[in-house]
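K.L.:
using only what follows, build the 3D model:
(chains A, B, C and D)
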2 protein chains.
Amino acid sequence: MPPEKNTPTPAEWKVLKLLFDLGPSAARDLIAAAERAHGWSASTVKTLLRRLTDKGHVEAQAVGSSYLYRATRPAHRAFRDEADRLLANSAPGALGSLLQYLVKKSRLSKDELDELRALIDAQREERER
Amino acid sequence: MPPEKNTPTPAEWKVLKLLFDLGPSAARDLIAAAERAHGWSASTVKTLLRRLTDKGHVEAQAVGSSYLYRATRPAHRAFRDEADRLLANSAPGALGSLLQYLVKKSRLSKDELDELRALIDAQREERER
DNA sequence: TTCCGTGGTCTACATTTGTAGACGGGCGGC
DNA sequence: GCCGCCCGTCTACAAATGTAGACCACGGAA
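P.N.:
Numbers count the residues shown, from 1 in each chain, chains lettered A, B, ... in the order given. As a prediction, the model looks like this:
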């Protein structure tokens, strides 16, 4: 169980995503990015940032008179949680086709494909035994 | 763009999931299942069912004096939409490891693994060219 | 020293979501 | 033919969410 229980809401995710993209950032940059990306007002971003820190997804590190915001967990961890939600919902039978869809759609690089293939082979071995 | 715009809320998903599991069902069965699975009252299920039909995820086919509820799109389609949301959020770099995680965690059957592997090989070919 | 821009905090408010009771009508049993 | 049960609809209402203004303090520019 991850320490963070409250998953981010969709709007919060968007801010989180910006944080992932920009890396640890000052409010001004996040606000600018959110304005550009979603047309949000500064206030909106501030609120979402507060809620994210409340929920523990974002950490506000005091720097001078203001904060540097950073995601508390790395992007891949956060996405993983999302993925878990997906699995939790998905019916067992539908899973295979779901993954196929994802692989097709996500246009992985050759290296990534190789890794994935290796993983699959390993799993197949396991099934053999 | 799928016809359905409003994605189901988490609670709605739970009902949808029950519908997928049970197949087209009468209210009584859904209510019973939801009671068992989530401890919900009949009213709650009814409301969620209404909202789902409003949003177009569920279709209420009149049968006698009541309805037979059925999901408007097959499970795999619905999950696919969820998966799309996931991809939309996920940063490109993180995708590979995300899929690995999913494959590992979802414990596919040998057949499913084979299919997935075939798909990956196909993609690799494509990268070659 | 004064003023302004930024950033943070408070407050606000409409909407959506989660959860559920009340009510009226029909059908199946007695 | 009357009764109760089950169903669908209406209504309710608290909490979460989306979106944002008001206000205040401080640090830097002038």
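K.L.:
shaky segments in chain A?
P.N.:
By pLDDT under 70, the weakly predicted segments of chain A are A:1-5.
K.L.:
scan it for its longest helix.
P.N.:
helix A:110-128 (DSSP state H).
K.L.:
which strands and helices sit next to that one?
P.N.:
If contacts are counted by 3 or more CB pairs under 8 Å, 6 or more residues apart in numbering or on different chains; DSSP states H and E, helix A:110-128 sits against helix B:92-106, helix B:110-128. In this view, the C-beta of every residue, glycine as well, is placed from N, C-alpha and C.
K.L.:
buried sites along the first one?
P.N.:
Pointing back at helix B:92-106 there. For helix B:92-106, the neighbour count (16 or more other CB atoms under 10 Å in any protein chain shown) marks B:94-103, B:106 as buried.
K.L.:
how far is the longest helix of chain A from where the chain is centred?
P.N.:
Offset of helix A:110-128 from its chain centre (CA atoms, centre = their mean, to the nearest Å): 24 Å.
K.L.:
of the buried residues of helix B:92-106, which pair is most distant in space?
P.N.:
Using CB to CB, the buried residues of helix B:92-106 span at most 17.7 Å, a distance reached by B:Ala94 and B:Ser106.
K.L.:
quick one, what contacts the residue nearest to A:Asp111 when sequence neighbours are not counted?
P.N.:
Nearest non-adjacent residue to A:Asp111, counting by CB to CB, 6 or more residues apart in numbering or on different chains: B:Gly96, 7.8 Å away. Shown in contact with B:Gly96 (CB atoms under 8 Å, 6 or more residues apart in numbering or on different chains): A:108-109, A:111-112, A:115-116.
K.L.:
could you redo the last one with a cut-off of 7 Å?
P.N.:
Taking CB atoms under 7 Å, 6 or more residues apart in numbering or on different chains, we find B:Gly96 in contact with A:108, A:112, A:115.
K.L.:
how close does the first one sit to B:Arg117?
P.N.:
I take that to be A:Leu108. 14 Å (CB to CB, to the nearest Å).
K.L.:
these two - which one has more neighbours?
P.N.:
Taking other CB atoms under 10 Å in any protein chain shown, A:Leu108 and B:Arg117 do not tie; A:Leu108 has more neighbours (22 against 16).
K.L.:
and that one, which of the three is it?
P.N.:
Following DSSP: H, G, I helix; E, B strand; the rest coil, A:Leu108 is assigned to coil.
K.L.:
ok, the closest residue to A:Ala71 other than its chain neighbours - how many residues close by?
P.N.:
Leaving aside its sequence neighbours, A:Ala71 sits nearest to A:Leu19 (CB to CB, 6+ apart; 5.0 Å). By the criterion of other CB under 10 Å, A:Leu19 has 23 neighbours.
K.L.:
which stretch of helix or strand covers A:Leu19?
P.N.:
helix A:10-22 (DSSP states H and E).
K.L.:
now do that helix: distance to the chain's middle.
P.N.:
From the chain centre to the centre of helix A:10-22 is a distance of 8 Å (CA atoms, centre = their mean).
K.L.:
quick check: the gap between whichever residue of chain A sits closest to DNA strand C and A:Ala34.
P.N.:
At 2.5 Å from DNA strand C, A:Arg28 is the closest residue in chain A, using CB to the nearest atom of the strand. Distance, A:Arg28 to A:Ala34, by CB to CB: 11 Å.
K.L.:
which one of these two has more residues nearby?
P.N.:
Ranked by neighbour count (other CB under 10 Å), A:Arg28 and A:Ala34 place A:Ala34 first, with 22 against 10.
K.L.:
helix or strand for the more buried one, which one?
P.N.:
Going by DSSP H and E, A:Ala34 is in helix A:27-38.
K.L.:
show me what that helix is packed up against.
P.N.:
Secondary-structure packing of helix A:27-38 (3 or more CB pairs under 7 Å, 6 or more residues apart in numbering or on different chains; DSSP states H and E): helix A:10-22, helix A:42-55, strand A:66-71.
K.L.:
the inter-axis angle of that helix versus helix A:42-55?
P.N.:
Helix A:27-38 and helix A:42-55 are oriented at 110 degrees to each other (axes from the mean of the first three to the mean of the last three CA atoms, to 10 degrees).
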